[in-house]
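Student: When you get a sec, could you give me coordinates for this:
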Amino acid sequence: MITVVGAGTGAPVAEDVLAGAGLVVGGRRHLDAVRLPRAAERIVLGPLAPALDAIEEYVVKDRPVVVLASGDPGFFGIVRALAERFGAGRLDVRPGVSSVATAFARLGLPWDDAVVVSAHGRDLRTAVNVCRARPKVAVLTGPGAGPAELGAALAAYDRVLVVACALGDPERERVERVSPAEAAARDWGTAVSVVLCLDEGRMLGGVRTVAGATGQPARWALDEGAFAHRDSMITKFEVRALALARLGPRLGDLVWDVGAGSGSVAVECARLGAAAVAVEKTADGAERVRANAVAHGVDVRVVRGTAPDALAGLDDPDAVFVGGGGGELPAIVTACARRARRTVVVAMAALDRVPAAREALVAAGFSCDGVLLQSSRLAPLPGDVTRLAATNPVFLLWGVRPQAPIEGDAQ
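Tutor: Predicted coordinates for the structure are as follows:
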C-alpha cells in the first residue's frame, strides 16, 4: 500500500501514518518536518522517475510506502503519477488543505468560481492568458514561472496579484497584495506557494452551480444589435459564426482582432474564454470596443494603432482575425501569419484583395482555404408577407499552420 499524505499547510502528519513505513518519499522540507522510523529509507523528491522506480521496488515486495506531498496531493499533485504507475487501488490518499484553498481563505474570498492553472513545469503563456481573460485565477508557480514573470506579462492589465508564500508555516508565511509591476520588480525566492490574480471589479460573482471556469455561453455569433457599431460597420453574424469556428478560441488562448471596428469578434472570443486583443486605429472605434467589452462582461485589451506597426509589441497569438486593412492588407496578413501559432482568418468585401491575402498566407507556410459567404435574411413586407433581403457577400479565407493542434489540451 502507498499512503499519500497531504502536508505543509498547517496540519501535522500523524506519527501513526509513518509507523512501519519501509520507504518515505517527499520534498526536503516535508521530510525534515517529521520523525521518520529508524528503519525507513528516505528519498528526497527531485526528478519523479527515479522516485517512482524506488517505490515500485517496495510495492512488489508488499512493503509499505509513505509519500509526503503539499496540501491536497490529488489536486495538480503526485496522486496522478502514482495512480497511473501503480493503480488507484494501491493508494490510500489522505489529503490536506490545498495551497489554493488556503490562499483564498487568507483573503476571506470564495473560490468555487476561480480558475486554477498550473505553470509548474509548463509553458507560462497558458497561465498568463487565463489571467488576462478571467477575473479570479490561482496560478501554481514554478522555476521561471513565478510572480515576477507573471507580473511582467500582465503589466498592461488592471489586475492585483496576491503572492502567498510558505503557507502553513507560522514563522515564514506571508500573503502580499501587489500590482503586476511590483511583482515583476522583485525576487520572490523559492517559498511561493501560489499566486492569485484578481480583477477586483469582477471577482465577486453570483451564486454558482458548477465550480471552476465560467461555462461556454449559451449563444454566440450574436446579432449585430448586441454590439454598438457605426453605420453597420460590423462583422455580420453569419460571417462571425464561421470565423469563430475557424479561430477556435478557448481558455488559455490569445486571439488578436486586427482592424477591430466594433470589436465584435474580440468580444465573442473573450466570451468563449480566450484572452483577446483588439487593434483599432480610430479613437472612436477604440472606445466602442471598450464599451462593447464592458456591456458583455469581458476583458478585451484595446490597442490603438495602425497595423502592422501596432502589432510589434504584442505577445504572439494563437489565432488572428483580420477584419480590416485596406491597401495594407497583404502586409498585415503577412505580419500576422509570421506570428500566429495556429490560425489566421481574413474577412474581405473586395474581390481584388483575395489573391494577395491568400498569397500572403501560403507564403508564410499556411495551408489555405476559404469561401464566399452570401446570405439572405427574412425581411417583412407590407401585407404581412416576407421577402429575402440579401446581405453583401464577404470572402472569408483561413490559413492553418501545419501540425497546429486543433483539439489539443491548451490547459
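Student: Quick check: V192 vs A357, distance?
Tutor: V192 is 46 Å from A357, where distance means CB to CB, to the nearest Å. Yep, even glycine has a C-beta here, placed from its N, CA and C like the rest.
Student: which of these two has more neighbours?
Tutor: Ranked by neighbour count (other CB atoms under 10 Å), V192 and A357 place A357 first, with 26 against 20.
Student: Quick one: mean pLDDT over the host helix or strand of D284.
Tutor: Assessed by DSSP states H and E, D284 sits inside helix 283-295. Mean per-residue pLDDT for helix 283-295: 96.
Student: Same check on stretch 79-98?
Tutor: What stretch 79-98 shows for mean pLDDT is 93.
Student: picking up where we left off before, quick one: buried residues of the helix holding D284?
Tutor: Buried residues in helix 283-295, counted by 16 or more other CB atoms under 10 Å: G285, A286, R288, V289, R290, N292, A293.
Student: ok, now stretch 48-55?
Tutor: So, applying 16+ other CB under 10 Å, buried residues of stretch 48-55: A51, L52, I55.
Student: does the second one belong to a helix or a strand, and which?
Tutor: Just to be clear, that refers to L52. Assignment of secondary structure by DSSP H and E places L52 within helix 48-60.
Student: ok, back up a step: could I get the buried residues of helix 283-295 as TSV with distance to M233?
Tutor: Converted to TSV, the buried residues of helix 283-295 look like this (distance: CB to CB, whole Å):
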residue	distance to M233
G285	9
A286	14
R288	10
V289	12
R290	16
N292	13
A293	17
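Student: Show me what stretch 174-181 is in contact with.
Tutor: Residues outside stretch 174-181 that contact it (CB atoms under 8 Å, 6 or more residues apart in numbering): 103, 106-107, 147, 150-155, 157, 159-167, 186.
Student: Buried ones among those residues?
Tutor: 103, 147, 150-151, 153-154, 159, 161-167.
Student: and of these, the nearest to V320?
Tutor: Here the nearest of the buried ones among the contacts of stretch 174-181 to V320, counting by CB to CB, is A153; it sits at 19.1 Å.
Student: what are the phi and psi values for the residue lying closest to A152 once chain neighbours are set aside?
Tutor: Leaving aside its sequence neighbours, A152 sits nearest to A184 (CB to CB, 6 or more residues apart in numbering; 4.1 Å). Main-chain torsions, A184, degrees, to the nearest 10: phi -70, psi -30.
Student: Surely G6 forms part of a strand?
Tutor: Yes: counting by DSSP: H, G, I helix; E, B strand; the rest coil, one finds G6 located in a strand.
Student: what's around the closest residue to it other than its chain neighbours, how many residues?
Tutor: Spatially, and ignoring its direct neighbours in sequence, G6 is nearest to G96 (3.0 Å; CB to CB, 6+ apart). By other CB under 10 Å, 23 other residues sit near G96.
Student: Tell me the spacing between G96 and S376.
Tutor: According to CB to CB, G96 stands 62 Å off from S376.
Student: Which parts of the stretch 51-200 of the chain are helices?
Tutor: 79-86, 99-107, 124-133, 147-153, 180-184 (DSSP state H, counting those that start in this stretch).
Student: give me the number of residues near D72?
Tutor: D72 has 20 nearby residues by other CB under 10 Å.
Student: and it, what does it touch?
Tutor: G6, P95, G96, V97, S98, A101.
Student: Any idea how many residues pack against R387?
Tutor: For R387, using other CB under 10 Å, the count is 10.
Student: Kindly report the same for H296.
Tutor: Per other CB under 10 Å, the neighbour tally for H296 reads 18.
Student: Skipping its backbone neighbours, what lies nearest it in space?
Tutor: Per CB to CB, 6+ apart, closest to H296 is V267, 5.2 Å.
Student: right, and the one you found touches A276 too?
Tutor: Yes: V267 is within contact range of A276, at 7.3 Å (criterion: CB atoms under 8 Å).
Student: Common neighbours of these two, please.
Tutor: The contact sets of V267 and A276 overlap at V298, V300 (CB under 8 Å, 6+ apart).
Student: more crowded one of these two?
Tutor: Using other CB under 10 Å, the more surrounded residue of V267 and A276 is A276, with 33 against 26.
Student: List the beta-bridge partners for the more buried one.
Tutor: Counting by DSSP bridges, A276 is bridged to V255, V300.
Student: how far away is it from P37?
Tutor: Per CB to CB, A276 is found 55 Å from P37.
Student: same thing with A114?
Tutor: To P37, A114 is 39 Å away according to CB to CB.
Student: So which of the two has more stuff around it?
Tutor: A114 (24 against 15).
Student: Would you list the phi and psi of the more buried one?
Tutor: phi -90, psi 150.
Student: and it, what pLDDT?
Tutor: The score at A114 is 94. That number is its pLDDT.
Student: same deal with R401?
Tutor: 94.
Student: What is the burial count for it?
Tutor: By other CB under 10 Å, 17 other residues sit near R401.
Student: Now stretch 79-94: buried residues?
Tutor: V79, L82, A83, R85, F86, L91, V93, R94.
Student: and the two most separated of those residues?
Tutor: The largest separation in those, counting by CB to CB, is between R85 and R94 at 19.0 Å.
Student: Output the contacts of D72 in CSV, with distance to N392 appended to each entry.
Tutor: Formatted as CSV, the contacts of D72 follow (distance: CB to CB, whole Å):
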residue, distance to N392
G6, 60
P95, 59
G96, 61
V97, 58
S98, 54
A101, 53
